[in-house]
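**Student:** My questions are about this predicted structure, shown below with the sequence.
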Amino acid sequence: MKWIVTVLLVLFFRTGLIAQPIDVGLYQDQLVQAAVVYCSSGYYQLLLDGEVIKRMEEGDIVYLNLEDGMVKVLDSERDFGLASNVELRSLSTEGVIRVRCITPEIESRVYDDNLLAIPDERFMTLVNRVDLDKYLAGVVETEAGANAGKEFYKAQSVLCRTFTLKQMDRHICEGFSLCDGRHCQAYRGKSTLNPEILEAIVETSNMVLADYNFKLITAAYHSNSGGQTQRAADVWLSDADYLQSVVDPYSLHQDHAKWQDTISFKAWKDYLLKNGMKSVSKIPDEIIYIEQMRRKKYFILDTDSIRMAKIREDWGFKSSFFDMFPQGDSIVIWGKGYGHGIGMSQEGAMKMARDGFSYQDILRFYFNDVRLMDFRDLPDSSLPEAFRDLQ
């Protein structure tokens with residue numbers, strides 16, 4: 001059966017309804033100055049400033065080095081000189097390359113389709129120009145791992161596709177659409193570990209979530225809700241009808257459902273005073289703690305308050321859903337969940353999939369009053385320019 005699935009996937013990317021490339025900036029948390037690119041499969045053209053210099057096939061290698069604000073390009077036999085724009089362009093849908101950064105030294109990553117190298121004075125910007133659905137498969141594998149069920153992967157695929165289309169122009173001033181870090185969506189290259197991920201992408205092709213005004217939603221997700229998701233307005237400045245708090249029993253008893261930490265009582269009091277909680281000085285120590293039966297937006301003492309999301313961020317806690325209890329000169333933190341808590345809990349969704357729920361059930365459980373629809377049915381005003389008028 002697996003070889004049949006593989007053939008179908010290849011045919012999909014050759015003749016699929018939508019074959020839309022996007023540009024993803026790679027290694028955006030690094031200053032890349034030298035890299036080696038290997039042709040792993042398929043055939044490629046090497047272009048320097050738009051001119052075809054070489055045809056590459058499986059096993060061929062090129063070296064990219066930053067030099068005097070340009071990219072110096074070499075292979076094992078020739079020095080091709082300097083260029084202000086370098087492209088490895090795949091000649092088929094099966095092209096795969098492997099990129100290994102030399103400076104700084106980073107473990108190799110494998111990418112589908114094309115690679116661009118654009119120099120600056122201090123670093124090269126490497127960009128993966130890749131088919132949307134291949135990119136989504138890589139994102140889903142990076143964000144969710146390789147050991148979940150297909151219905152979960154379908155739900156995650158719809159959210160990742162929705163996020164991609166809504167945030168398409170986030171890095172446009174830097175020469176690409178999205179970055180490969182958590183600022184956008186974590187992406188470490190080609191999906192290779194579980195064929196069901198790519199199958200889920202194909203089986204939900206073009207599907208996104210929109211609100212009832214036919215606008216793409218903010219497709220938020222996190223690791224584990226701890227038993228209750230968070231209302232968006234409790235963390236972010238804006239609110240949305242579809243991002244409300246949901247009691248979430250499916251996230252309980254999962255890997256990231258609980259956590260524990262310890263801080264000193266003195267450090268806690270000093271922190272509160274520093275953040276304007278003046279009532280700390282006149283309130284007995286034994287009540288300067290937090291207890292949350294349900295998620296709270298604020299920790300309140302007398303007439304003072306501080307956002308729970310700020311406490312989480314400042315202390316580096318895994319979530320803002322936690323209780324505090326005294327223990328000598330310390331405070332023990334008993335936490336629930338992992339992440340900002342907004343939108344879909346990934347571990348909760350995985351449990352729902354194991355319990356037999358469909359991906360539609362999962363999405364409608366975590367998101368209130370949304371439309372699951374083909375993005376081509378959305379008005380052009382709701383889509384990035386590159387995705388308008390696609391048939």
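**Tutor:** Received, thanks. Numbering: from 1, shown residues only.
**Student:** mind listing what the residue located most distally from the centre of the chain touches?
**Tutor:** Distance from the C-alpha centroid of the chain, by Cα atoms, centre = their mean, peaks at Lys282 (44.7 Å). Counting by Cβ atoms under 8 Å, 6 or more residues apart in numbering, Lys282 touches Asp302. Where C-beta positions appear, they are placed from N, C-alpha and C, glycine not excepted.
**Student:** try 10 Å this time
**Tutor:** Leu301, Asp302 (Cβ atoms under 10 Å, 6 or more residues apart in numbering).
**Student:** mind checking how far it is from Glu87?
**Tutor:** Distance from Lys282 to Glu87, counting by Cβ to Cβ, to the nearest Å: 67 Å.
**Student:** ditto for Leu216
**Tutor:** 30 Å.
**Student:** C-terminal to the longest helix anywhere in the chain, which secondary structure element comes first?
**Tutor:** Secondary structure of the chain per DSSP state H: the longest helix is helix 150-166. Using DSSP states H and E, the helix or strand that follows helix 150-166 in sequence is strand 178-179.
**Student:** contact partners of that next one?
**Tutor:** By Cβ under 10 Å, 6+ apart, strand 178-179 touches 22-29, 135, 139, 163-164, 167-172, 184-187.
**Student:** Give me the buried subset of those.
**Tutor:** 22-28, 135, 139, 163-164, 167-168, 170-171, 184-185, 187 (16 or more other Cβ atoms under 10 Å).
**Student:** Helices of the stretch 1-150 of the chain, residue ranges please.
**Tutor:** For the stretch 1-150 of the chain, the helices defined by DSSP state H, counting those that start in this stretch occupy 2-15, 132-144, 150-166.
**Student:** Of those helices, which shows the lowest average pLDDT?
**Tutor:** Note on the helices of the stretch 1-150 of the chain: lowest mean pLDDT is at helix 2-15, with a mean of 46.
**Student:** Is the residue nearest the centre of the chain in a helix, a strand, or coil?
**Tutor:** The residue lying closest to the centre of the chain (Cα atoms, centre = their mean) is Gln185, at 1.9 Å. Recorded secondary structure, Gln185: coil (DSSP: H, G, I helix; E, B strand; the rest coil).
**Student:** pLDDT below threshold where in the stretch 251-391 of the chain?
**Tutor:** 390-391 (pLDDT under 70).
**Student:** all helices of it, in order?
**Tutor:** Using DSSP H, counting those that start in this stretch, helices in the stretch 251-391 of the chain cover 265-274, 308-315, 346-354, 359-366.
**Student:** Before I go, just wanted to say thanks for your time.
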